[in-house]
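Novice: Here's a sequence, model it:
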Amino acid sequence: MALWELGYVSDETMAIFGPVAVYWLYAGFYQIVLSSSNLLDEYRLHTREESAKKNLVPLPRVIKGVLALQLSQIAISYLYYFGLRTEGGSASKIIVQPPSIPIQTLQILIAMFVMDTWQYFGHRYMHHNKFLFRHVHHQHHIFVVPHAIGALYNHPIESLLLDTLGGVVTLSISRMTPRAEAIFLCFAMLKAVDDHCGIWFPRCNPIQRLFTNSCAYHDVHHQVRGGRYNFSQPFFPFWDKVLGTHMAHVVLRRPEGGYEVKMVKDLANYS
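Specialist: Just a heads-up that it's a prediction; the model follows:
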């Protein structure tokens, strides 16, 4: 029994609203802690001064932009679950024997691969097409220093094509149950926020221990000279390695505290 069953919330409803809740809880945690204390300063990939200098979008505008995108995603997700996939209401009201654990595991792995594939090629194309980068994807790269609240600060066209449509394709191909979809989508959102959090503590963060495609990996992509590398998101760096866009990096201690990410090819110039 899922925890949300106690509140009579369907699996489809959880798949729609769960990722939104995860986003604001996890990103909000980082935002509150980082803005109100220096508790995590020793784990920062960028100093406070660098963040303030390079990230010029006011926080209220970021919040409004993300909320607007999430409202459109909720509307499309509702149509997908309660319009296209069902007739007359929630399919989870019908008791159906779920697939075996090995089958569900395989479905989740397929979903990860499909989402990674969709995101990689869509993301990479938006970098190589000058018009799309200038007028669409550049909105996300306004943040030279990634931070959690800005993980979904994207242009509406990018949000629709990469995130929303990519999610629909992923769920349609993987054929997971609505409950598995809810869990998968919540975890994918958690991973996306973590990739933008700018806080490096793999010893305490299981996501950063398990996935090499981490906030440090994605930090390379947001650097001015790293924009043509490390496109993979959100789970594995598979396509970067296969297609030659993988940029090796190291995480080094800054003398004044915290960490910084360096591309391996630049280490000869590091002092």
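
Novice: Dihedrals phi and psi, the closest residue to His137 other than its chain neighbours?
Specialist: Once flanking residues are discounted, His137 sits nearest to Met126: 3.9 Å by C-beta to C-beta, 6 or more residues apart in numbering. (Glycine included, C-beta is placed from N, CA and C.) Backbone geometry at Met126, expressed as degrees, to the nearest 10, gives phi -70, psi -20.

Novice: Which of the helices or strands spans Val261?
Specialist: Taking DSSP states H and E as the definition, one finds Val261 inside strand 259-263.

Novice: how about that strand as CSV, C-alpha atoms only?
Specialist: Extracted in CSV, the C-alpha atoms of strand 259-263 (Å, rounded to 0.1, in the frame of the first residue of the first chain):
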residue,chain,number,x,y,z
TYR,A,259,34.9,23.2,-3.8
GLU,A,260,35.3,24.0,-7.5
VAL,A,261,34.8,21.9,-10.6
LYS,A,262,37.7,21.8,-13.1
MET,A,263,37.7,20.2,-16.5
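
Novice: who does that strand pair up with?
Specialist: In the sheet, strand 259-263 lines up against strand 249-253 (antiparallel) (DSSP bridges).

Novice: could you measure the residue nearest to His137 against His141, distance?
Specialist: In this view, Met126 and His141 are 10 Å apart by C-beta to C-beta, to the nearest Å.

Novice: Would you confirm that Gly65 contacts Ala151?
Specialist: No: applying C-beta atoms under 8 Å as the test, Gly65 and Ala151 come out as separate, 11.6 Å apart.

Novice: returning to that earlier point: could I get the contacting residues of the residue nearest to His137?
Specialist: Met126 is in contact with 132-133, 136-137, 158, 162, counting by C-beta atoms under 8 Å, 6 or more residues apart in numbering.

Novice: which of those residues sit farthest apart?
Specialist: Between any two of those, the greatest separation by C-beta to C-beta is 13.3 Å, found for Phe133 and Leu162.

Novice: thinking again about what came up before, looking at Gly65 and Ala151, which is more packed in?
Specialist: Shown here are Gly65 and Ala151; by other C-beta atoms under 10 Å, Ala151 has more neighbours (26 against 19).

Novice: My guess is that one contacts His196. True?
Specialist: Yes: with contact defined as C-beta under 8 Å, Ala151 counts as touching His196 (4.0 Å).

Novice: still on that earlier bit, return the closest of the contacts of Met126 with respect to Gly122.
Specialist: Of all the contacts of Met126, Gly122 sits closest to Leu162, with 4.6 Å by C-beta to C-beta.

Novice: Leaving out sequence neighbours, find the closest residue to the closest one.
Specialist: Looking at Leu162 with C-beta to C-beta, 6+ apart, the closest residue is Gly122, at 4.6 Å.

Novice: so how far is Leu161 from that neighbour?
Specialist: Distance from Gly122 to Leu161, by C-beta to C-beta: 6 Å.

Novice: Do you have the helices of the stretch 51-200 of the chain handy? List them.
Specialist: Using DSSP state H, counting those that start in this stretch, the helices assigned to the stretch 51-200 of the chain run over residues 59-79, 101-128, 130-132, 138-141, 156-158, 165-174, 178-195.
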